[in-house]
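Enquirer: Give me a model of this one.
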Amino acid sequence: MQTAVYNHWMMYLKPRVMDSSAPYPHCTTLLVFPVSELKPRVNSSIAQEPMLQMEQICDRWRQPEEVVCLIASQCDDALVTLVEKIRLKLPSAPLMVALVDMLNEQRLIALGVQEVFPLQRTPQQELDRLVDRAIARMEHELRLRQLSHFDPLTGLANRVLFQDRLEQSLMGARRNGTDVGLLFIDIDRFRVVNDIYGHALGDELLQACSARLKDKLRRSDTVARLGGNSFAVILDAVRNIAVLTSVASKLSEALRAPFKIGDHEIFVTISVGIDISSEASYDPAQMVRRTELALHQAKSDGRNACQVFTQQSAPMDKIRVGLEAALHHAMERDELRLAYQPQVSVCGQQFVGVEVLLRWEHPALGMVAPNVFIPVLEDTGLIEPFGEWVLRSACQQYKQWLDDGLVGNASKISVNLSPRQFRQRDLGERIQQALYDTGLPPENLTLEVTESTLMYNLEQGASMLSEMRSLGVKVAIDDFGTGYSSLSYLKDLPIDFLKIDRSFVKDIVDDKNDAAIANSIIALAHNLGLKVVAEGVESQDILDALASFGCDQYQGYFFAKPVFAGDIPELVSQCG
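Expert: The predicted structure follows:
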């Protein structure tokens, strides 16, 4: 061995076994590596053995309670190189350095050495203290390392460690001519679990899902939690994309089995995005981007699916990213518009109100379809400020129509509340403030909540509806029949209107089942003192059928499509 490289070094192997007769534990073996003219011994009663090469000492280290101690004349470049090699090969080993010349010891501490001490002026008892302190310091560093590289909830690798391991795997795969697979996994609709059962149970579900993922993968595979309900899997040495799709299917099947958590049985599905390194040029950033796009495509296709990245799916996701960025500026750039669809009485064709609908006029794309941008607003949380803007703007517009005598005093404007808006704890205060600021009488405002939104938490939903009605506004259940379709809960809800979904209306002339359902809904609503509004009326035949069932009001293309504010006065004048 070259003296310039290694100087003189040794290793303590010290099991952490406390001896009641001694104040400090002692090493059982001292491994000595004689290189220079320094004697390969220290002032210690510990058994010593000569070591011939560094690999022998690395092979001997097994557990965090064993301490590596290097002995050198001084802190020079050769010792620094040696410390770097030890840290690379034994990153979890407590490391001490004994120097003849105590200079530049701070440099060694910066490299990850736990203790630096003078070789010739350290009594045996003090040496034992230093060994114990080195162990304690390394244990503390390992705990910090655990926090910085592992997810505290699941114990899986976190995003930082995931990125490092992906880069290392790709470098090795490129060098060896093999492939690396990457899976991004999202638990579908996990937010619903938190909303219904609480975050504590949601955390237990995440832990259970993590355990199943690890159980179905090889020990050499990396499973990471990237945050929230998102996971990643790195698979080394995969043969082809078919192997990855097979693994994804196996994981999907494993998580589809019910989870028993407390008194609850929880069912989940997952969406998986898949990519392979050779298709991404072994570039980690490109591979992550492609896998994220594949995951987004799987979720866009209805979730509970596995999607391999394809160039065909990328443009839609790029468009979505562009839409999200543009939506952040849509309000300040005055790109939002309100459209109004008239509501008319079935008998007499009297104008009874309007439903307000949000529109987005992009400077380059023109009018963007609501089914394109509304889901983006929901996913990003922008629906809350946008929803409040809709509420305030609609109230202000309708107050102006009332003041101008363009609409009747008994008419109403209906505003939809999104699921996120409906869960706002201060929603009642926001509604009250909007009415106060705009001057709109509360009896002229109807707030619409979808059946599925209400049924996420029926008890809290009913409480919120009561709070809204206490303000004097009307409440409508929108899209009735598309959610739980249970009529029994209606008698306990503080509501005024029931809106039959267009899916039950469009075929009532030709489909006896739809006709029977619509007729039953109308009859029950009337028995409960509710008025019924039919959506999606597009022909005289449908309107005649609704009239025979006793439906109160309707909206749809048969009378008018949604129009902007300037067209409402003319439509009102056409009513009887």
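
Enquirer: alpha carbons only for contacts and neighbour counts from here, please
Expert: Fine.

Enquirer: count of neighbours near residue 534?
Expert: Residues lying near residue 534 (other Cα atoms under 10 Å) number 28.

Enquirer: Domains in this protein, by residue range?
Expert: What automatic domain parsing lists as the domains of the chain is 3-148, 159-320, 333-574.

Enquirer: Please enumerate the strands of the stretch 101-250 of the chain.
Expert: In the stretch 101-250 of the chain, the strands defined using DSSP state E, counting those that start in this stretch lie at 115-118, 179-187, 222-227, 230-238.

Enquirer: got these as JSON lines, with distance to residue 503, mean pLDDT and mean neighbour count columns?
Expert: Shown next, in JSON lines, are the strands of the stretch 101-250 of the chain (distance: least, Cα to Cα, whole Å; pLDDT from 0 to 100; neighbours: other Cα atoms under 10 Å):
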{"stretch": "strand 115-118", "distance to residue 503": "75", "mean pLDDT": "88", "mean neighbour count": "19"}
{"stretch": "strand 179-187", "distance to residue 503": "30", "mean pLDDT": "95", "mean neighbour count": "25"}
{"stretch": "strand 222-227", "distance to residue 503": "38", "mean pLDDT": "92", "mean neighbour count": "21"}
{"stretch": "strand 230-238", "distance to residue 503": "35", "mean pLDDT": "94", "mean neighbour count": "20"}
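
Enquirer: Let's have the ones you listed in a markdown table, adding distance to residue 555.
Expert: Shown next, in a markdown table, are the strands of the stretch 101-250 of the chain (distance: least, Cα to Cα, whole Å):
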| stretch | distance to residue 555 |
| --- | --- |
| strand 115-118 | 80 |
| strand 179-187 | 38 |
| strand 222-227 | 44 |
| strand 230-238 | 42 |
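
Enquirer: hang on, the earlier thing: dump the domains of the chain into a markdown table; add distance to residue 327 as well.
Expert: Shown next, in a markdown table, are the domains of the chain (distance: least, Cα to Cα, whole Å):
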| stretch | distance to residue 327 |
| --- | --- |
| domain 3-148 | 34 |
| domain 159-320 | 10 |
| domain 333-574 | 8 |
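
Enquirer: In the chain, where's the longest strand?
Expert: strand 351-362 (DSSP state E).

Enquirer: and that one, what other elements does it pack with?
Expert: If you count contacts as 3 or more Cα pairs under 8 Å, 6 or more residues apart in numbering; DSSP states H and E, strand 351-362 packs onto strand 336-345, strand 366-368, helix 370-380, strand 412-416.

Enquirer: if we can go back for a sec, do you know which of the strands of the stretch 101-250 of the chain lies nearest residue 508?
Expert: Among those, the nearest to residue 508 by Cα to Cα is strand 179-187 (38.5 Å).

Enquirer: coming back round to it: for residue 326, which of the domains of the chain is the nearest?
Expert: Among the domains of the chain, domain 333-574 sits nearest to residue 326 (Cα to Cα), with 8.3 Å.

Enquirer: So for the closest one, first residue to last residue, what's the gap.
Expert: 35 Å (Cα to Cα, to the nearest Å).

Enquirer: what does stretch 151-167 give?
Expert: Termini of stretch 151-167 sit 19 Å apart (Cα to Cα).

Enquirer: Check stretch 271-283 too.
Expert: First-to-last residue span, stretch 271-283, Cα to Cα: 24 Å.

Enquirer: swap in stretch 323-337?
Expert: 16 Å.

Enquirer: which residue ranges form the helices in the stretch 51-200 of the chain?
Expert: Ranges of helices in the stretch 51-200 of the chain, per DSSP state H, counting those that start in this stretch, are 54-60, 77-89, 105-110, 124-149, 159-176, 190-197, 199-215.

Enquirer: contacting residues for residue 102?
Expert: Residues near residue 102 by Cα atoms under 8 Å, 6 or more residues apart in numbering: 74, 75, 117, 118.

Enquirer: rerun that using 7 Å as the cut-off
Expert: Residue 102 is in contact with 74, 118, counting by Cα atoms under 7 Å, 6 or more residues apart in numbering.

Enquirer: now the stretch 301-450 of the chain, which segments are flagged as low pLDDT?
Expert: Scanning the stretch 301-450 of the chain for pLDDT under 70 picks out the ranges 311-321.

Enquirer: wait, isn't residue 419 in contact with residue 452?
Expert: No. The pair residue 419 / residue 452 is not scored as a contact, 8.9 Å apart, by Cα atoms under 7 Å.

Enquirer: To residue 328, which of the helices of the stretch 51-200 of the chain lies closest?
Expert: Comparing the helices of the stretch 51-200 of the chain by Cα to Cα, helix 190-197 comes nearest, at 22.9 Å.

Enquirer: That closest one to strand 230-238, inter-axis angle?
Expert: Orientation check (axes from the mean of the first three to the mean of the last three Cα atoms, to 10 degrees): helix 190-197 against strand 230-238 gives 140 degrees.

Enquirer: Near residue 72, how many other residues are there?
Expert: Residue 72 - counted by other Cα under 10 Å - has 23 other residues nearby.

Enquirer: Any idea what it is bridged to?
Expert: residue 99 (DSSP bridges).

Enquirer: how much space between it and residue 101?
Expert: The value you get for residue 72 to residue 101, if Cα to Cα is used, is 9 Å.

Enquirer: cool, residue 133 as well?
Expert: 22 Å.

Enquirer: what's the answer for residue 444, then?
Expert: For residue 444 relative to residue 101 (Cα to Cα), the value is 88 Å.

Enquirer: neighbour count winner among those two?
Expert: residue 444 (21 against 15).

Enquirer: ok so, going back, what's the closest of the helices of the stretch 51-200 of the chain to residue 570?
Expert: helix 190-197 (44.1 Å).

Enquirer: tell me how far the closest one is from the chain's mean position?
Expert: Relative to its chain's centre, helix 190-197 lies at 12 Å (Cα atoms, centre = their mean, to the nearest Å).

Enquirer: Start the count at 848 instead of 1 going forward.
Expert: Okay, residue one is now 848; in that scheme the one you just asked about reads as helix 1037-1044.

Enquirer: And that helix, what's buried?
Expert: 1037, 1040 (16 or more other Cα atoms under 10 Å).

Enquirer: elements contacting it?
Expert: Helix 1037-1044 sits against no helix or strand, with contacts defined as 3 or more Cα pairs under 7 Å, 6 or more residues apart in numbering; DSSP states H and E.

Enquirer: how big is the angle separating it from helix 1046-1062?
Expert: 140 degrees.

Enquirer: Report the mean confidence score over helix 1037-1044.
Expert: Taken as a whole, helix 1037-1044 carries a mean pLDDT of 85.

Enquirer: Identify the residue nearest the geometric centre of this structure.
Expert: With distances taken as Cα atoms, centre = their mean, the residue of the chain nearest its centroid is residue 1075 (4.1 Å).

Enquirer: Thank you, goodbye.
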